[in-house]
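>>> Pasting the sequence and the predicted coordinates here, then a few questions.
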Amino acid sequence: MFTGIRQAAVGEVPPPGPPGDHEVRIRMAAVGVCGSDIHYFTDGKIGDQVVQFPFVVGHEGAGTVVETGRKVTRVRPGERIAVEPSVFCGECQQCRVGRHHTCLNNLFLGCPGQLGGCLVEEIVMPEANCFPVPGHLSWEEAAFVEPLTIGCYTAEFVKNPQDKRVGILGAGPIGMSVLAALRGLGATRFWVTDKLDYRLEIARRMGAGWVGNPLKSDVVADISAGQPELLDVVVECCGQQAALDQAVHLLKPGGLLLIVGIPESFSISFEPHLLRRKELTIRNVRRQNHCTQKAIDLLDGRTIDFSPLFTHRFELKNSPAAFDLVAGYQDHVLKATVFLT
């Protein structure tokens, strides 16, 4: 749990009660450290979502079913599952039209004022949030299902990806999830930027044909020189104003900007005349919607090697060090995972 700004500790919390009729009690096995967790760790908030300490964190999780409610049919005790962290009501206007990710009564694991996190030995979740995973997937891969769903959902907005020139700004776990998901749909041409050279090398291993560091070169000029017609799609995955500015310049007229990164500031800006002249489309991507099984299938297919992403492993007792590591971009970290078994 977080006990203050940049302070984390292992503590005791009450165990969850028995599952309701449509609920599942889960023994957690692995939890990934996410960039949004780091926002809470370093700033104590994301936008107007402010942490009240102590705060149990974590939403990228996988584990084993321990007990099921009497009406559960989706999973059974002993089964290995990935956990979808977003709990929807199923009754509001957004849910009725299939937009469960923007449920008006949404509750999210490890989100202030909503649900406690899953970096804890046991949790109870609705059966709709529990997805069986194949036995040959590692716990690390099973926990990675959640960030990969964001990549899969983002990829849905790219029509005919096999024909597209795609820029990805930010080569962290989400950026690499977008790359993997688009590769799974047939995309082959990627331009990836990041401020950390080691992440660019991982991006190459994951299929990026061109990589660049904006701290070392003018990435807009470099990409434009090689691609004078510019890019069809740019996916912003780092939440930085500079990257948004670069994206607008990198896109061809009629291009698509997908905003996936979470900005630290309350506002962002664009150059309006360039947007207008190019007639660009800007779309925000909110988590994911109905893509958990797609992410599991992508991992299960073994057509893409995800192993370069998994750089660090921690036991629960050492989990505070995981947040220090990721927050400081130490030791060439990309994805850190905490194991509870």
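Here it is on my side, so go on.
>>> Now do the helices in the stretch 101-250 of the chain.
For the stretch 101-250 of the chain, the helices defined by DSSP state H, counting those that start in this stretch occupy 139-155, 173-184, 197-206, 219-226, 241-250.
>>> export those to a markdown table and tack on distance to Gly167, mean neighbour count and mean pLDDT?
Heads up, the C-betas are built off the backbone N, CA and C, glycines and all. Shown next, in a markdown table, are these (distance: least, Cβ to Cβ, whole Å; neighbours: other Cβ atoms under 10 Å; pLDDT from 0 to 100):
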| stretch | distance to Gly167 | mean neighbour count | mean pLDDT |
| --- | --- | --- | --- |
| helix 139-155 | 13 | 26 | 98 |
| helix 173-184 | 10 | 26 | 98 |
| helix 197-206 | 12 | 18 | 97 |
| helix 219-226 | 7 | 15 | 98 |
| helix 241-250 | 5 | 19 | 98 |
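>>> Please dump those into a markdown table; it should also carry distance to Asn106 for every row.
Below are the helices of the stretch 101-250 of the chain laid out as a markdown table (distance: least, Cβ to Cβ, whole Å):
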| stretch | distance to Asn106 |
| --- | --- |
| helix 139-155 | 15 |
| helix 173-184 | 20 |
| helix 197-206 | 31 |
| helix 219-226 | 36 |
| helix 241-250 | 26 |
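>>> Any idea which of these gets closest to Thr341?
Closest approach to Thr341 among those (Cβ to Cβ): helix 139-155, 7.6 Å.
>>> what helices or strands is the closest one leaning on?
On a contact count with 3 or more Cβ pairs under 8 Å, 6 or more residues apart in numbering; DSSP states H and E, helix 139-155 meets strand 23-32, strand 60-68, strand 80-83, helix 173-184, helix 292-301, strand 310-315, strand 335-339.
>>> Would you mind measuring from Ala187 to Glu121?
Applying Cβ to Cβ, to the nearest Å, the value for Ala187 to Glu121 is 40 Å.
>>> Of these two, which one has the most company?
Between Ala187 and Glu121, counted using other Cβ atoms under 10 Å, the more crowded position is Ala187 (22 against 17).
>>> wait, doesn't that one sit right on Arg165?
No: the pair Ala187 / Arg165 is not scored as a contact, 9.1 Å apart, by Cβ atoms under 8 Å.
>>> Now do the domain split for the protein, please.
Domains of the chain are assigned by automatic domain parsing as 2-147+289-339, 158-284.
>>> centre of the chain versus the longest one, how much separation?
What it means is domain 2-147+289-339. 11 Å (Cα atoms, centre = their mean, to the nearest Å).
>>> Quick check: end-to-end length of that domain?
18 Å (Cα to Cα, to the nearest Å).
>>> Equivalent analysis for the last one, please.
End-to-end distance of domain 158-284: 13 Å, with Cα to Cα as the criterion.
>>> ok so Gly17 is a strand residue?
No: assessed with DSSP: H, G, I helix; E, B strand; the rest coil, Gly17 is coil; it does not lie in a strand.
>>> Look at it and report its pLDDT.
Gly17 carries a pLDDT score of 93 in this model.
>>> Excluding chain neighbours, give the residue nearest to it in space.
Excluding the flanking residues, the one nearest Gly17 by Cβ to Cβ, 6 or more residues apart in numbering is Val124, at 7.0 Å.
>>> No further questions, thank you.
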